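Student: Provide a 3D model corresponding to the input given below.
(chains A, B and C)
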Amino acid sequence: MTVIVNPEGAISPEAAPAGTTRATLRRNFWRGVWRVLRRKPSRMAGVVIVVLFAVMGVAGPLLYPAQLPRDDDALYAPPSLAHPFGTDFEGTDVLALVVTGARYVLLTGLATAVITVALGTVIGLVAGFHRGRWDMLLMRLTDMNLAIPGLPLLLVLSTVWKFESPLEMGLVLGVLGWGGIARAVRSQTLSLRERGFIEAARGLGLPTRHIIGRELLPSMAPYIAMNMLIAVTGAVYAQVGLFFLGVLPFESNNWGVMLNLAVFNGGALTTPAALPYLLAPLIAILLLTLGIVLIVDAMDEIFNPRLREE
Amino acid sequence: MITGTGITKIFKQRGGVLGAREVPALRGVDFAIAKGGAVSFIGESGSGKTTLGRIIAGLETHDAGEIVIDGVPMSTLSHRARQPYFRRVQLIHQDPYSALNPTRTIHQTLEAPLRLRAKQTGRPRSWVDGRAAELLAMVGIDPGYVLPRYPHQLSGGMRQRVVIARALTMDPEVLVADEAVSMIDVSLRLGILALLKDLRERLDVGVLFITHDIATARYIGDDGELYVLYRGQVVERGATEKIIADPVHPYTQSLLSAIPVLHGLERPGAERVVPREMQREGLPDGGCLFARRCPFSTERCESEMPVLGRDGDTDQEHACFHPRRRSVIPVGVGE
Amino acid sequence: MTAHTAAPHLAAPGVRIRDLTVVYKTPAGELPAVRGVDLTLAPGTITGVVGESGSGKSTLALSLLNAVQPPGRIAAGSVEIDGLGDVVTLRGEDLRRARGRQVGYVFQAAQNSLNPLKTIGKQLLDLGRSHDVEDLRALVRDAKELLARMGMDGARVLDSYQHELSGGMRQRVGIMLALVLNAKVVVLDEPTTALDMITQATILRIIREVHEERALTTLVITHDVGAVAEVADSLAVMYGGRVVEHGPVTEVLGDARHPYTQGLIRAIPRLTGDLSLARALPGRPPTLGTLPAQGCVFRERCDRRMEVCETDEPMSVNRDGRTVACHATDRHLTLVKRKEFV
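Tutor: Residues are numbered from 1 along each chain as shown, chains lettered A, B, ... in the order given. Here you go, the predicted model:
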């Protein structure tokens, strides 16, 4: 009895990407990413904004001398061509402060995001996949993490730890904040676990390592990417808030400190003189958040091959 | 080569205020699948056929009974030691749309199990690509076309074929096809069925076909065995052709009676059986599970449980106190 | 005596679909899901429309309610229902009133289109209120009678939530909701999908009985030839957005004329007879994007393909109450008209 050998034809008549090598797949992936981003102008705007801030973080401090110039004749000067956002209490250009302050904020945000997502994902994946005792143990751990009062703890810690390096700040915020992601990833894992292709992988005897890393993780990629981006914004708010409260050490070009000084020293909420000093970091924070949110919109389409191609 | 005796499975449902509820999915089922043989499990939802298929494929545990693969009882082995045995039984899922990872190309999907297989059988890595192409050709699709594509770029029928190819990567001895064609377009179903039939002959691989559509079961395994399951019990068992032509259990007859008749091409069977409908869930205590719905049940049926056996002058085994031949299946016009 | 039992003396309406074309907007332009379909549902009959994915059958069913959603739209043609006029021209209030009161629709997987958060009874009342039914009590009574007619405990079902009912029961609830406003034209979309064999047989029987009792005109859409065979009087086969064959059920099945119909019947495994007679249909059903612009939609898979099939679309020829659109069966080739893809 002969088997029918005629293929039934494709659904999408487009030419398939030739070759199956890793390099080809990678190239096609990035091409697809570009296509997805170009679909909506808002996404491109988001990309531009985020790239702008990334450049600011990397190259910002290089554009200015290590010690920012002070001008005693122009304290809280109003906005002008030389100082688009005016000057601070020392006469230093506010824009320069924002640009040089970006690095700390972004590095911390990134470090926090990476740590929360890495910890949360691993814990959530293992708990959701293995279930049983592992699940119970890890979820109790997660519960404890979620119960830790973050702000009071940070306040206490700040009395002994100076958090000079953004990575130290990032580490602490990261270790404090992975609980939510762990929970979410676990429930995603529990539901994906029942999907046909995961069961098939188990039935074929593929090692757990492969199933979690190569089958589950890529399926959850959009979810994780979104969480990562949102974690960055969360971390930015957290640390800016802490610096604003005056809890953490003073660094004049840190956005949070700028807010603090503008409000408490400069009376920005009552007199107009220090208003630009208040607004500049605020706008920076809002812009950054906006840029990230606009990109998050693209995550789903980027990681789903079907949506990527369309 | 794979047999089971007394397989029992009970699902515990968390019932909330009223406590846990136990739902028996399988009540002491015996089965046997020979090498290269064809066995079909027929039943409706709630019959336990899918659960049994999954237990046989090693994807679920059972609460009682023994499974013996190639002469080795599974209960004597540790969980880890059982895996190589269950690896010989591969399940083909019903839904070709969720059975393939949407984020991986077909090449990636086949590569992983083949690499594992290469390691298991001491073959070099270079063997993987060639074998992938070979398997795809065996299931009737063009490797060059399919390998670089993602699942969403293939039709349902092609996807199901890829799923079958993937199942073959481990050189299984039995394929368990659970409603393998019910989500595929009608005009394409026969192609998949023909493929399974062909694989049986070519590779001497056994096929366990689980379905509610008896005609498709017949197509793959007309020379095989048929098990009719009702609420976790086997109510009739025997040669497929025999049971279709001469069913004796009223439930089997009900199932066969329910098959739509292609008027114009066929005439309905003369003695079609229509079971009574039950308004509420309720199983008789101790009696035949089908008694409440059976149009021929007697007092004995309500109180005593019939046992599967060859009672009377039937060729097949059945579990009924009043088996009787009835002509229920459609007859071709002109026959 | 309630309203609906007095209804049988009202004649069942006929439905005439003429030259219906429904297009969907895609990045590649507007593509037709249904093209130039002529179909007559004789009053009081059950017509079954059989087709696979991409055949356009569901779109056709929606057109009877003028319920094609964007990005689709009815581009041409008419759907005339006796007593209603051309549904395609109805808008706003008139259309809303027609849906439910005159044309009942049972959705695909009616089992899953019920609101899981409300009891069936509440949904029934919602339905009544949204159609300005004054006597809601009578409505509930009618509903209970209908449910009893279908073998269920009406009061209990109305008090239940969707998840408390079995698949078969939910399907019956769907049928009840489509009929309770005394619609005379009923469309059922895949009424037996996802149901067990025995439940399927029961539902088909119920459809047949209710249809006769209430003197309805019924349209059943399905991919299951068997389901249609058991319940319908006439059978229309759709492929690629066109009706390729139409006629009385026994004749179409017993003496199929279109190669697709023949191929479809051959591709169904049967319980008796020679297994080797069953043959798969090569190729696969078309999708919106793969429909050929010219010529016969089915030619890629056809075993009687001729040169004329590449360029000219076959005309529907009506002979002895049977309609077939195929060059191979139509001996009068002069009747063939060239239809260009707009």
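
Student: drop to CA atoms for contacts and neighbour counts, all remaining ones
Tutor: Will do.

Student: and the helix ranked longest in chain A, what other elements does it pack with?
Tutor: Taking DSSP state H as the criterion, chain A has its longest helix at helix A:94-130. Helix A:94-130 sits against helix A:41-63, helix A:132-147, helix A:166-176, helix A:179-192, helix A:217-244, helix A:255-260, helix A:275-303, with contacts defined as 3 or more Cα pairs under 8 Å, 6 or more residues apart in numbering or on different chains; DSSP states H and E.

Student: give me the angle between the second one and helix A:179-192.
Tutor: Between the axis of helix A:132-147 and that of helix A:179-192 there is an angle of 150 degrees, by axes from the mean of the first three to the mean of the last three Cα atoms, to 10 degrees.

Student: which residues outside the helix or strand just after helix A:132-147 are in contact with it?
Tutor: Using DSSP states H and E, the helix or strand that follows helix A:132-147 in sequence is helix A:150-160. Helix A:150-160 has contacts (Cα atoms under 8 Å, 6 or more residues apart in numbering or on different chains) with A:Leu176, A:Val247, A:Leu248.

Student: stretch C:173-191 now?
Tutor: With contact meaning Cα under 8 Å, 6+ apart, stretch C:173-191 is reached by C:4, C:12-13, C:58, C:61, C:100-111, C:124, C:128, C:139, C:142-143, C:146-147, C:171, C:203, C:214-223.

Student: can you tell me how far the nearest residue to C:Leu39 once chain neighbours are set aside is from C:Leu219?
Tutor: Sequence neighbours aside, C:Ile17 is the residue nearest to C:Leu39 in space, at 4.9 Å (criterion: Cα to Cα, 6 or more residues apart in numbering or on different chains). For C:Ile17, the distance to C:Leu219 (Cα to Cα, to the nearest Å) stands at 12 Å.

Student: what pLDDT does the model give residue 82?
Tutor: You didn't say which chain, so I picked chain A. pLDDT recorded at A:Ala82 is 76.

Student: that answer is for a different chain, and I need it for chain C
Tutor: At C:Asp82, pLDDT is 88.

Student: near it, how many other residues are there?
Tutor: 16 (other Cα atoms under 10 Å in any protein chain shown).

Student: and the residue of chain B nearest chain C?
Tutor: B:Gly264 (3.9 Å; Cα to the nearest Cα).

Student: that residue against C:Thr250, yeah?
Tutor: Yes - if you go by Cα atoms under 8 Å, B:Gly264 and C:Thr250 touch, sitting 3.9 Å apart.

Student: give the helix, strand or coil label for the closest residue to A:Val263 other than its chain neighbours.
Tutor: Sequence neighbours aside, A:Leu269 is the residue nearest to A:Val263 in space, at 6.1 Å (criterion: Cα to Cα, 6+ apart). In three-state terms, and counting by DSSP: H, G, I helix; E, B strand; the rest coil, A:Leu269 is coil.

Student: ok, now B:Tyr227?
Tutor: With three-state DSSP as the basis, B:Tyr227 sits in strand.

Student: where in the chain is pLDDT low?
Tutor: Answering for chain A, as no chain was given. Scanning chain A for pLDDT under 70 picks out A:1-21, A:251-252, A:310.

Student: wait, chain C was what I had in mind.
Tutor: Applying pLDDT under 70 to chain C picks out residues C:1-10, C:109-113, C:330-342.

Student: pull up the residues of it that are close to chain B.
Tutor: For chain C, the residues in contact with chain B (Cα under 8 Å from any Cα of the partner chain) are C:52-53, C:152-153, C:196-198, C:200-201, C:223-227, C:229-230, C:249-255, C:263-264, C:267-272, C:275, C:278-282, C:284.

Student: CSV for the helices and strands packed on helix A:94-130, including mean neighbour count and distance to chain C?
Tutor: Converted to CSV, the helices and strands packed on helix A:94-130 look like this (neighbours: other Cα atoms under 10 Å in any protein chain shown; distance: least, Cα to the nearest Cα, whole Å):
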stretch, mean neighbour count, distance to chain C
helix A:41-63, 17, 18
helix A:132-147, 15, 29
helix A:166-176, 21, 38
helix A:179-192, 21, 20
helix A:217-244, 21, 25
helix A:255-260, 27, 46
helix A:275-303, 20, 17
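
Student: with distance to A:Ile198 as extra columns, can I get the ones you listed in CSV?
Tutor: Conversion of the helices and strands packed on helix A:94-130 to CSV gives the following (distance: least, Cα to Cα, whole Å):
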stretch, distance to A:Ile198
helix A:41-63, 33
helix A:132-147, 18
helix A:166-176, 30
helix A:179-192, 7
helix A:217-244, 10
helix A:255-260, 46
helix A:275-303, 18
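
Student: quick check: which of these is nearest to B:Met138?
Tutor: For the helices and strands packed on helix A:94-130, the distance to B:Met138 is smallest for helix A:217-244, at 29.1 Å, taking Cα to Cα.

Student: what is the orientation angle of that closest one with helix A:166-176?
Tutor: 120 degrees.

Student: thinking again about what came up before, what's the residue nearest to C:Leu39 in contact with, if anything?
Tutor: Shown in contact with C:Ile17 (Cα under 8 Å, 6+ apart): C:Val37, C:Asp38, C:Leu39, C:Thr40, C:Gly77, C:Ser78, C:Val79, C:Glu80.
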